[in-house]
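Trainee: Could you look at this predicted model? Sequence included:
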Amino acid sequence: MKSFHDKVAAITGAGSGIGRALALNLARQGCELALSDINEQGLAETVEQARRFEVKVSHQRVDVADFEAVRHWADQVMIDHGRVNLIINNAGVAQGGSVEGNALDDYHWIMDINFWGVVHGTKAFLPYLKASGAGHIVNVSSVFGLFAQPGMSAYNATKYAVRGFTESLRQELDIADCGVSASCVHPGGIRTNIALSARMNDSLVTVTGQDANQSRQQFNDLLLRTSPEKAAAVILRGVQRNQRRILIGLDARGVDLMMRGMPALYQRMVVLSMRLAARFAPKNSGKTELAE
């Protein structure tokens, strides 16, 4: 897919962040849009901005954890647009807590959205992508799909799963030579609201020495570096180049190099750095309060 002009792109999680930036970038290039999000207010704002580029834009509230909802949306996209060339499975959430401190519901909740949402979008749209004659699937993993970190077992599990699923899918599509391809995206820190909206519990104190609010704020302040607009540009350029793995940001590229050079040793380095950080961190007798 060398050009997005006169194509149709479906995007989940289009109500903010990378999803919105992708929608506006594609609209600017003359691509029709089918947008979805569970947040109807954010979705409406994206739709309003995208329509300024005078392209056809349809939208629907969709919970990606519900396959029937995703399948119905895919069917509706075909009715509204007559074809679909690109599905970007971007919707995602974050969760932090120790394995011991997390409830089983925490794992089910994040897996339903981050992993099953990707599977649902892929399964629902793949037949229509094949019918288009030129299609591409973009599944958004994370830098945490390349390396693991203590206190992020649930998030890591979903993003590693997206990576494995997408790499297997890409090989199958290559073998089938059906006109459809797939890319797995590994963003580093992106300036979105995912950190401040993350579900985190105070079991993180046993891992990081910080409570949930402090961990959430630190994640937001220290890790989120790249703009959503830059991330969207890198993703779409990766699609045009048919890249299997799309890395976003110097942090993602650095982690990728680290994992290639020391795929096991890095765990000891992370443990050491966490222990040093806890040892020399200033004492804080109170909790950091954040607006939800």
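Mentor: Yep, it's here.
Trainee: hmm, which helix or strand of this protein has the shakiest average pLDDT?
Mentor: helix 212-218 (a mean of 65; mean pLDDT, DSSP states H and E).
Trainee: from the chain's centre, how far out does the helix or strand that that one is followed by sit?
Mentor: From helix 212-218 onward toward the C-terminus, using DSSP states H and E, the following helix or strand is helix 228-240. Distance of helix 228-240 from the chain centroid (CA atoms, centre = their mean, to the nearest Å) equals 13 Å.
Trainee: repeat for stretch 131-144
Mentor: Chain-centre distance of stretch 131-144: 11 Å, with CA atoms, centre = their mean.
Trainee: If you average the pLDDT over the biggest strand by length in the chain, what comes out?
Mentor: In the chain, taking DSSP state E as the definition, the longest strand is strand 180-187. Averaging pLDDT along strand 180-187 yields 97.
Trainee: Partner strands of the next helix-or-strand element following that strand, with direction?
Mentor: The helix or strand immediately downstream of strand 180-187 is strand 199-200, counting by DSSP H and E. In the sheet, strand 199-200 lines up against strand 95-96 (parallel) (DSSP bridges).
Trainee: Just give me how far the next helix or strand after the strand it pairs with sits from the chain centre.
Mentor: Next along the chain after strand 95-96, taking DSSP H and E as the criterion, comes helix 104-110. Helix 104-110 sits 17 Å away from the centroid of its parent chain (CA atoms, centre = their mean).
Trainee: and if you look at stretch 39-50?
Mentor: From the chain centre to the centre of stretch 39-50 is a distance of 18 Å (CA atoms, centre = their mean).
Trainee: Mind listing what's buried along that stretch?
Mentor: Within stretch 39-50, the residues that count as buried by 16 or more other CB atoms under 10 Å are 42-43, 46-47, 50. (Each C-beta comes from the backbone N, C-alpha and C, glycine too.)
Trainee: For that stretch, the averaged confidence score.
Mentor: 98.
Trainee: now could you export just the CA positions of that stretch as PDB?
Mentor: The C-alpha coordinates for stretch 39-50 follow below in PDB (Å, rounded to 0.1, in the frame of the first residue of the first chain):
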ATOM      1  CA  ASN A  39     -15.500   7.100  24.500                       C
ATOM      2  CA  GLU A  40     -18.200   8.700  22.400                       C
ATOM      3  CA  GLN A  41     -17.200  12.300  23.300                       C
ATOM      4  CA  GLY A  42     -13.600  11.900  22.200                       C
ATOM      5  CA  LEU A  43     -14.800  10.000  19.100                       C
ATOM      6  CA  ALA A  44     -17.200  12.800  18.100                       C
ATOM      7  CA  GLU A  45     -14.300  15.400  18.400                       C
ATOM      8  CA  THR A  46     -12.100  13.300  16.100                       C
ATOM      9  CA  VAL A  47     -14.900  12.900  13.600                       C
ATOM     10  CA  GLU A  48     -15.500  16.700  13.600                       C
ATOM     11  CA  GLN A  49     -11.800  17.400  13.000                       C
ATOM     12  CA  ALA A  50     -11.400  14.700  10.300                       C
END
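Trainee: Break down the stretch 51-200 of the chain into its helices, ranges please.
Mentor: Applying DSSP state H, counting those that start in this stretch to the stretch 51-200 of the chain gives helices spanning 67-81, 104-110, 116-132, 153-176.
Trainee: Angles on the backbone of Gln29, please.
Mentor: Reported as degrees, to the nearest 10, the phi and psi values for Gln29 are phi -90, psi 10.
Trainee: ok, Glu167 touching Cys184?
Mentor: Yes. Contact criterion CB atoms under 8 Å: Glu167 and Cys184 qualify, at 6.3 Å.
Trainee: The two: which is more packed in?
Mentor: Of the pair Glu167 and Cys184, Cys184 is the one with more neighbours under other CB atoms under 10 Å, namely 26 against 15.
Trainee: Look up which residues are beta-bridged to that one.
Mentor: Per DSSP bridges, the residues bridged to Cys184 are Asn139, Arg245.
Trainee: Next one: it from Ala264, what distance?
Mentor: To Ala264, Cys184 is 22 Å away according to CB to CB, to the nearest Å.
Trainee: so where's this protein uncertain?
Mentor: 191-197, 208-212, 214-224, 278, 280-292 (pLDDT under 70).
Trainee: In it, which residue is most central in space?
Mentor: Val140 (3.9 Å; CA atoms, centre = their mean).
Trainee: residues in contact with that one?
Mentor: Residues near Val140 by CB atoms under 8 Å, 6 or more residues apart in numbering: 18, 88-90, 92, 118, 162, 185, 187.
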